[in-house]
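A.B. asks: structural data only, the sequence is not supplied:
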């Protein structure tokens, strides 16, 4: 598949004005202002293939928003090259925006005080969508999102989950090739989160929409993406599959074992005993030990008589925390 987004050695610097303390400092600032250069992005390079669902992750202040703003044409970089669907976003913005959709979890592209139906009609006119295409697209979106009953209500009267469904529909009425999602499930209840995730997978499958997802909800990343890009302090630190990260950082297991009788002391090669009380012990595999259920049972059954055990893996958030710790983020 071909690359639909290409970032090559992109740098972005911001000049920050510094204010001196006190009245005298304020007066001096009127004539001569000191500045500090903030390097938001440093030699950022990556490619995204058409039809990918990519998780763009990193802590606050890492450079995610700056990257998205460059890709959507809001900002231009200090240096470097960016091509999205054959366009340079900040140079050809009018032509370019017809090919992208943007959904921000905290901000709306729909009009607050007018019925959702009217907002959709305005978007239809803005993007010059033919009537037949608009009706066909809306039918597909409604089948997936069930928003018919919301059309005659103004956005301000909708719940957070209802708003997000309408925002997704509004961003996709013109069938963009690329969809930028920024915290799309923030604040949503569990049922609506699942519905949003299913919808994202649906449009990716049906329309082959390329999706760039920025979120702090690692369950979104786990459920949706086929690739993640980790950015920290303005630099790309990892670019690859999320499964690789889960295998690398999620190998750590906690095994609860119940013995048939009390043992004064228990130990097992390749495992750390986290706690041991009466006939129950908790083991954790050492970094060099790859946990396999059958091998663990064979090994421990040779030394002790057991009646039950359970295995707990690291959560997705815990895996990400380990990744952040490794890169000192």
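C.D. replies: On my side now, so go ahead. Values in this document were obtained by computation on a predicted structure and should not be read as measured data.

A.B. asks: which stretches of this protein have low pLDDT?
C.D. replies: Low-confidence regions of the chain, defined by pLDDT under 70, span residues 1, 18-20, 22-33, 105-106.

A.B. asks: in it, which helix is the longest?
C.D. replies: The residue-count maximum for a helix in the chain (DSSP state H) belongs to helix 190-207.

A.B. asks: for the residue nearest to residue 101 when sequence neighbours are not counted, what are its contacts?
C.D. replies: Nearest residue to residue 101, sequence neighbours excluded (C-beta to C-beta, 6 or more residues apart in numbering): residue 171, at 3.6 Å. Where C-beta positions appear, they are placed from N, C-alpha and C, glycine not excepted. Taking C-beta atoms under 8 Å, 6 or more residues apart in numbering, we find residue 171 in contact with 101, 102, 103, 109, 179.

A.B. asks: repeat for residue 57
C.D. replies: Counting by C-beta under 8 Å, 6+ apart, residue 57 makes contact with 64, 214, 215, 218, 221, 228, 229, 230, 231, 320.

A.B. asks: beta partners of it?
C.D. replies: Going by DSSP bridges, residue 57 is paired in beta bridges with residue 230.

A.B. asks: now do the helices in the stretch 101-250 of the chain.
C.D. replies: 116-126, 131-145, 160-172, 190-207, 218-224, 242-249 (DSSP state H, counting those that start in this stretch).

A.B. asks: return the most buried member of those helices.
C.D. replies: Highest mean neighbour count of the helices of the stretch 101-250 of the chain: helix 160-172, a mean of 22 (counted as mean count of other C-beta atoms under 10 Å).

A.B. asks: contacts for stretch 299-311, please.
C.D. replies: 253-261, 263, 266, 268-270, 291, 293, 297.

A.B. asks: so how far is that stretch off the chain centroid?
C.D. replies: Taking the mean of its C-alpha atoms, stretch 299-311 sits 40 Å from the chain's own mean (C-alpha atoms, centre = their mean, to the nearest Å).

A.B. asks: what is the end-to-end distance of it?
C.D. replies: Stretch 299-311 has an end-to-end distance of 15 Å (criterion: C-alpha to C-alpha, to the nearest Å).

A.B. asks: go through that stretch and flag the buried ones.
C.D. replies: Using 16 or more other C-beta atoms under 10 Å as the burial criterion, the residues of stretch 299-311 that qualify are 300, 309.

A.B. asks: equivalent analysis for stretch 75-85, please.
C.D. replies: 75, 77, 80, 82, 84, 85.

A.B. asks: same question for stretch 43-53.
C.D. replies: For stretch 43-53, burial by neighbour count (16+ other C-beta under 10 Å) applies to 44, 46, 48, 51, 52, 53.

A.B. asks: direction included, what does the one helix or strand the first one maps to pair against?
C.D. replies: When elements are assigned from DSSP states H and E, residue 44 belongs to strand 34-49. Paired with strand 34-49 in the same sheet, following DSSP bridges, are strand 3-18 (antiparallel).

A.B. asks: hmm, who's touching the partner strand?
C.D. replies: 33-50, 52, 63, 66-67, 70-71, 75, 77-85, 177-178, 210, 212, 234.

A.B. asks: list the buried residues in that strand.
C.D. replies: So, applying 16+ other C-beta under 10 Å, buried residues of strand 3-18: 4, 5, 7, 10, 12.
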